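[1] fold the following for me, if possible:
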Amino acid sequence: MAETARELNFPSTPVSVAMGARVEGLDLARNTSAGIIDELRELLLEYHLLLIPGQRLSALDLEAFGRHWGELLTHPATKHRDTDHVQWIGSKADRKFTFFRGVHPFGGGWHSDMTWHPTPPIITALHARRLPSSGGDTAFANQHLAYATLDDETRERIAELRAFHTGKVFGPDVEDSVHPVVRTHEETGRKALYVNGNFTRYILGLPDAESEALLYRLFSHATRPEFTYRHRWELDDLVLWDNRSVMHYAVRDYDEQRIMHRIVVKGGTPS
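    Now for the predicted structure:
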């Protein structure tokens, strides 16, 4: 499998020091062979995020691409009219998120997708279908770097802690889950911070004030500029990232419509 992937040898170049690679020469509407997917998997594990420009994909094409990576989850928010497994994101709604008080633009706030789910996504793919004339970037933060740059005392303190994540912002019947504060990547064995300001409510076993103070500290550290890549979208860009190692933030600095299609690939129970 690895030999086939190397023979394909797609041109790829880093997009930032912290994370991400741009992959050229693909037409995923026509060719999603096993060799292509194998190489993309290798690149994703290395770079955590892949930008694949110029992809003319319908919602059903995007769904078919996603199924090469695993079982797809549905999302309790908006769904595409052609399939429940592609989320239509029109950037119109506001949501009240959990940890930070107030109303935030939908998609705003640093988070990893669906951490409130018992088996949260391992991969998200986002496809740009309509863009504003300016603005609408998405920022990403490498959580392996965030964990590795914590001081030894903090890493020891959080090693065995677990946190409560809630999805009630999307409705009263959406699941809540408990996950480790430090997640171990199933394929690479690397550790990453796994808390976020949108869905992580508190750390189990700590007094409220201590839990809140520690979470604020971790949230602040996790998104330091040196851990981040900010993507300026072009029409038909496809960006996929590893939710086990990456948080993201949709920058709502525009008034025109911005439409994205999204798929999320089901993972296992974080450990």
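[2] could you measure from L60 over to I52?
    L60 is 18 Å from I52, where distance means Cβ to Cβ, to the nearest Å. To be clear about C-beta, it is placed using only N, CA and C from the backbone, and glycine gets the same treatment.
[3] which parts of the stretch 101-250 of the chain are strands?
    All strands of the stretch 101-250 of the chain, identified by DSSP state E, counting those that start in this stretch, fall at 103-105, 121-130, 138-142, 162-166, 176-180, 182-184, 191-193, 200-203, 228-231, 238-242, 246-250.
[4] any idea of the angle the fourth one forms with strand 176-180?
    Spelled out, that is strand 162-166. 150 degrees (axes from the mean of the first three to the mean of the last three Cα atoms, to 10 degrees).
[5] which residues outside strand 162-166 are in contact with it?
    Under the criterion Cβ atoms under 8 Å, 6 or more residues apart in numbering, residues 98, 115-116, 176-181, 194-195, 199-205, 215 lie in contact with strand 162-166.
[6] looking at the strands of the stretch 101-250 of the chain, which is closest to G267?
    Nearest to G267 among the strands of the stretch 101-250 of the chain is strand 121-130 (3.6 Å), distances taken as Cβ to Cβ.
[7] which SSE is immediately downstream of the least confident helix or strand in the chain by mean pLDDT?
    Least confident element among the helices and strands of the chain, by mean pLDDT, DSSP states H and E: helix 2-8 (a mean of 42). Counting by DSSP states H and E, the next helix or strand C-terminal to helix 2-8 is strand 12-14.
[8] quick one: strands adjacent to that next one?
    Sheet pairing for strand 12-14, assigned by DSSP bridges, gives strand 21-23 (antiparallel).
[9] what about the partner strand, distance to the chain center?
    With Cα atoms, centre = their mean, to the nearest Å as the basis, strand 21-23 stands 17 Å off its chain's centre.
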